[in-house]
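Undergrad: coords please:
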Amino acid sequence: MNKSEKFMLAGAAGQMEGIIDYPADDAAPRGVALVAHPHPLYGGTMDNKVAVTLMRTFVNLGYVVARINFRGVGKSEGVHDHGQGETDDMAILHKWMTEKYPDLPVALSGFSFGTYVQSQLGQRLATAGTPTERLVLVGAAAKKWAMADIPADTILIHGEQDETIPLADVLDWLRPQDIPVIVIPGADHFFHRKLGHIKSWVTQLWGGAGLTEAETDTASAD
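TA: Got it, this is the predicted structure:
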C-alpha cells in the first residue's frame, strides 16, 4: 500500500492544493512523476479517474508522484488561466519536486487539458536544457489547445471513440512529427471500463524495470 501526503504550495496565483504518493514499502523512488488533470471548468480535478490511474501506474513503477489541483479547483486559489498560468504552476511544482529529489529523473504525464499543460512544460524544460525523462499523454488535446511538439519517445494513448477530442485530430497533430499513438478500441474520452489499458501500456513501454511479477499484474489491472 503506497503512502499519500497532502500539501499546500505557493503558486503564481496563490496557494496550490496537492498530494504526493510514494512507492510502497518506503522503497527508494527511481524517479519523479508529475500528473496533470483535465479541464477545471468541466469538472477536472487531481482526483479524476484517469489522473489517478496515471498516478497509480507510476507508483507501481517506483516513482514518487505529485499532483496539484489547478487554479480555482478544490483549495487551490486563483482562477482558470487558459493553460498559461497552469503551466507556470506546474513548473513551480516541478522546481519544488526537483529540489526535494535533485538526483532523480522527472516524467511528465497528463490527461486531456493536462496534456496541453505538460506538452508546454516539456518544451519549456527542453529549451532550458533540463529535459524531462519522458512524457505520457492520454487523450491528447489536439486542436482543442495549441499542443507543443513533443519528443519522439512520448507515450500517447487515445480512445477510438473519443467524442471530445476526435482521434482524427490527434493523428493530424502527430503526422508531421511522425509519432505513433496507441488507440484503445471502443474507448471513450474518459476510458470508461478501459483504464486497465492505460496502466498496462505505460508499464510495458516504460520497461517495467524494478517491478516484481505481482506488481506488474497490479499495474495492468483495472
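Undergrad: Pull up the gap between the closest residue to residue 139 other than its chain neighbours and residue 126, please.
TA: Excluding the flanking residues, the one nearest residue 139 by CB to CB, 6 or more residues apart in numbering is residue 112, at 4.6 Å. Bear in mind the C-beta positions are built from the backbone N, C-alpha and C, glycine included. The spacing between residue 112 and residue 126, counted by CB to CB, to the nearest Å, is 22 Å.
Undergrad: Which of the two has more residues huddled nearby?
TA: residue 112 (28 against 15; other CB atoms under 10 Å).
Undergrad: That one against residue 165, yeah?
TA: Yes. At 7.1 Å, residue 112 counts as touching residue 165 under the criterion of CB atoms under 8 Å.
Undergrad: hey, what's in contact with both of the two?
TA: 139, 141, 189 (CB atoms under 8 Å, 6 or more residues apart in numbering).
Undergrad: JSON lines for those residues, including secondary structure and pLDDT?
TA: Shown next, in JSON lines, are these (DSSP: H, G, I helix; E, B strand; the rest coil; pLDDT from 0 to 100):
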{"residue": "139", "secondary structure": "coil", "pLDDT": "98"}
{"residue": "141", "secondary structure": "coil", "pLDDT": "97"}
{"residue": "189", "secondary structure": "coil", "pLDDT": "97"}
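Undergrad: In these, which residue is surrounded by the most others?
TA: residue 139 (28 neighbours).
Undergrad: ok now do that residue, which residues does it touch?
TA: Applying CB under 8 Å, 6+ apart, the residues near residue 139 are 38, 50, 111-112, 115, 157-159, 162, 164-165, 189, 191.
Undergrad: Write the PyMOL selection for whichever of those are buried.
TA: Per 16 or more other CB atoms under 10 Å, the buried members of these correspond to this PyMOL selection:
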select buried, resi 38+50+111+112+115+157+158+159+162+165+189+191
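Undergrad: any chance of the contacts of residue 139 in TSV, with secondary structure too?
TA: TSV is the format used below for the contacts of residue 139 (DSSP: H, G, I helix; E, B strand; the rest coil):
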residue	secondary structure
38	coil
50	helix
111	strand
112	coil
115	helix
157	strand
158	strand
159	strand
162	coil
164	coil
165	coil
189	coil
191	coil
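Undergrad: for stretch 122-134, how far is the first residue from the last?
TA: By CA to CA, to the nearest Å, the extent of stretch 122-134 from end to end equals 9 Å.
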